[in-house]
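> What shape does this take:
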Amino acid sequence: MIVLSAFFSSAETSMMTINRYRLLHMAKDKHRGAILVSRLLSQPDRLLGLILFGNNLVNISAASVATVITLKLVGEEGILPASLVLTGVILVFGEVAPKTVAALHPERIAFPFAYILQPLSYLLYPFVWVINKLANGLLRLFGINTGAPSGDGSLTIDELRTVVREAGNMIPMRHRRMLISILDLENVTVEDIMVHRSEIVGIDIDDPPAEIIGLLRDSQHTRLPVYQENIDNIIGMLHVRHILRVLSDKDIFTIEDLKRVTVEPYFVPLNTQLHIQLRNFQKQKIRVGLVVDEYGSVQGLVTMEDILEEIVGEFTTDLQTYDQDIHPQEDGSFIIDGAATLRDINKQLKWELPTDGAKTLNGLILEYMERIPDPGTSLRIGNFAMEVTQAADNAVKTVRITPLRKNDSRDTETA
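Numbering: from 1, shown residues only. Next comes the predicted model:
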């Protein structure tokens, strides 16, 4: 009876603690034991009823047998000591030890035991059915609906993110970072990664052809927006290769030649989530989009490459953005351009500047101070001491930032 008690106890623990996603994978691979376990777990009330019926039956039977043996050998005075001894034996050998082993190695226990539990479920079905009906009826008296599970067992995004982080050596660190980045795409919008309108390299169609050719010669980009007077008046997008075809036939091009080789621009709403925009780029077979706000004004430019870099990290050799925006100093501080985005700063320096509001360093400082600071103004945001070193044109141009020790950080202060 003690051996049977250990069997039912370990079967219960192994069935309830087995990794459901590993089980699903193994069942799809036609693993016989996994298939049987999945079948049993598809009706958890029936499985628990079977296991508990068997466990209680053998435990009570063991107590009854022990009582009969004690009465015959010792008499009534031996019943209490025998009960205490049997309780300890059942707890150790029939409950704690087998359940511990089953919790540590659920698959090793659940798969072979499924071959025994499956026929038992049919053999003892009438008893289990009666027990489940009585138990479910009692629960319904207390307002508990046993037919409505609390969830379908699917993982949420946050739970899946935790699973990936805790995967350990099963998934290489680089792959884990990529998977986390994919899951984070829905929390990031094109506004967070776009090239701001002030940094867009484009062609003003009113410029002299020679100046346009010089811009094309020095540009590091293959696709450029073409506009007239200002970036809000977009004419189209130009692929450098197309204008080269025009120049192969003539020494100089005209405005009409330039307009003829431009294509219709593709506009992207400012708050579009990255996973949606990635799908839109794929559907439209387009690599570049102009980001517009609710008034139709161009706020920036986003590319397919920008979104992919959010997943796989930087894969180009262009380090100009880092060199221009962030300048490390000998004293451990950094001189950073006010137009630098907070996401880029956090990513490159492994910092945790707040990104739930403003998108740029200039915007962060203006948001906290609620005014345009003068050069020399100092403030503290979280674990960072900041000093405005340059301010002009109604904006903060450069800031000296010094990371502080965590025990030095306090609420935002200004001086």
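
> so Leu270 touches Ile193, yeah?
No - with contact defined as CB atoms under 8 Å, Leu270 does not reach Ile193; the gap is 11.8 Å. Placement of C-beta: from N, CA and C, glycine included.

> for the protein, which helix is longest?
For the chain, the helix that runs over the most residues, judged by DSSP state H, is helix 44-73.

> Looking at it now, give me its mean pLDDT.
Averaged across helix 44-73, the pLDDT comes to 87.

> which secondary structure elements does the very next helix or strand once past that helix contact?
Next in sequence after helix 44-73, counting helices and strands by DSSP states H and E, comes helix 79-89. The criterion is 3 or more CB pairs under 8 Å, 6 or more residues apart in numbering; DSSP states H and E, and the helices and strands that helix 79-89 contacts are helix 44-73.

> the inter-axis angle of the helix it packs on versus helix 79-89?
Interaxial angle of helix 44-73 relative to helix 79-89 (axes from the mean of the first three to the mean of the last three CA atoms, to 10 degrees): 140 degrees.

> any idea how the protein splits into domains?
2-141, 192-312, 320-414 (automatic domain parsing).

> so who does the nearest residue to Phe8 once chain neighbours are set aside touch?
For Phe8, ignoring the flanking residues on the chain, the nearest one in space by CB to CB, 6 or more residues apart in numbering is Asn55 at 3.8 Å. By CB atoms under 8 Å, 6 or more residues apart in numbering, the contact list for Asn55 reads Ser5, Phe8, Ser9, Glu12.

> ok, now Ala114?
So Ala114 contacts Gly33, Leu36, Val37, Leu40 (CB under 8 Å, 6+ apart).

> any idea which helix or strand comes after the host helix or strand of it?
Using DSSP H and E, Ala114 sits in helix 106-123. Remark: after helix 106-123, the chain's next helix or strand is helix 125-141, criterion DSSP H and E.

> neighbouring contacts of that following helix?
Contacting residues not belonging to helix 125-141 are listed as Asp45, Arg46, Gly49, Leu50, Leu52, Phe53, Ser121, Thr146 [CB under 8 Å, 6+ apart].

> Quick one: low-confidence residue ranges for the protein.
146-154, 247-252, 314-324, 406-415 (pLDDT under 70).

> got the residue ranges for the strands in it?
Using DSSP state E, the strands of the chain run over residues 195-196, 203-204, 223-228, 230-239, 267-269, 288-292, 298-303, 326-328, 334-337, 378-381, 384-392, 395-403, 413-414.

> out of those, which comes closest to Asn169?
Ranking the strands of the chain by their distance to Asn169 (criterion: CB to CB) puts strand 395-403 first, at 31.5 Å.

> That closest one pairs with which strands?
strand 334-337 (antiparallel), strand 384-392 (antiparallel) (DSSP bridges).

> could you dump the contacts of helix 125-141 to JSON lines with distance to Pro373 and neighbour count?
Putting those into JSON lines (distance: CB to CB, whole Å; neighbours: other CB atoms under 10 Å) gives the following:
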{"residue": "Asp45", "distance to Pro373": "66", "neighbour count": "14"}
{"residue": "Arg46", "distance to Pro373": "69", "neighbour count": "16"}
{"residue": "Gly49", "distance to Pro373": "70", "neighbour count": "23"}
{"residue": "Leu50", "distance to Pro373": "72", "neighbour count": "27"}
{"residue": "Leu52", "distance to Pro373": "70", "neighbour count": "15"}
{"residue": "Phe53", "distance to Pro373": "75", "neighbour count": "18"}
{"residue": "Ser121", "distance to Pro373": "74", "neighbour count": "19"}
{"residue": "Thr146", "distance to Pro373": "63", "neighbour count": "12"}
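
> For Ile401, state which of the residues you listed is nearest.
Ile401 lies nearest to Thr146 out of these, by CB to CB, at 58.3 Å.

> What about Pro172, how many residues nearby?
10 (other CB atoms under 10 Å).

> So it versus Ala339, what's the distance?
35 Å (CB to CB, to the nearest Å).

> ok, so of the contacts of Ala114, who is nearest Phe334?
Nearest to Phe334 among the contacts of Ala114, with distances taken as CB to CB, is Val37, at 55.8 Å.

> Please report how far that closest one lies from Glu12.
Taken as CB to CB, the span from Val37 to Glu12 is 13 Å.

> Looking only at neighbour counts, state which of these two leads.
Neighbours were tallied for Val37 and for Glu12 using other CB under 10 Å; the higher tally belongs to Val37 (27 against 21).

> orientation of the helix holding Ala114 relative to helix 44-73 in degrees?
In terms of direction (the same axes, to 10 degrees), helix 106-123 departs from helix 44-73 by 80 degrees.

> So which of the strands of the chain is nearest Asn19?
Taking the strands of the chain one by one with CB to CB, strand 298-303 is closest: 39.7 Å.

> That closest one versus strand 230-239: what angle between them?
Between strand 298-303 and strand 230-239, the angle comes out at 20 degrees (the same axes, to 10 degrees).

> Each with direction, which strands does strand 298-303 pair with?
Strand 298-303 has these strand partners (DSSP bridges): strand 195-196 (antiparallel), strand 288-292 (antiparallel).

> Dump the longest one to CSV, keeping only the CA atoms.
As requested, the backbone C-alpha atoms of strand 288-292 are provided in CSV (Å, rounded to 0.1, in the frame of the first residue of the first chain):
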residue,chain,number,x,y,z
VAL,A,288,11.8,54.4,-46.8
GLY,A,289,8.9,56.3,-45.4
LEU,A,290,8.4,60.0,-44.4
VAL,A,291,6.9,60.3,-40.9
VAL,A,292,4.0,62.9,-40.6
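
> Please state the offset of it from the chain centre?
26 Å (CA atoms, centre = their mean, to the nearest Å).

> Check the first one too.
Going by CA atoms, centre = their mean, the spacing between the C-alpha centre of strand 195-196 and its chain's C-alpha centre is 25 Å.

> hmm, who's touching that strand?
Outside strand 195-196, the residues within contact range by CB under 8 Å, 6+ apart are Gln299, Gly300, Leu301, Val302, Asp306, Ala339, Thr360.
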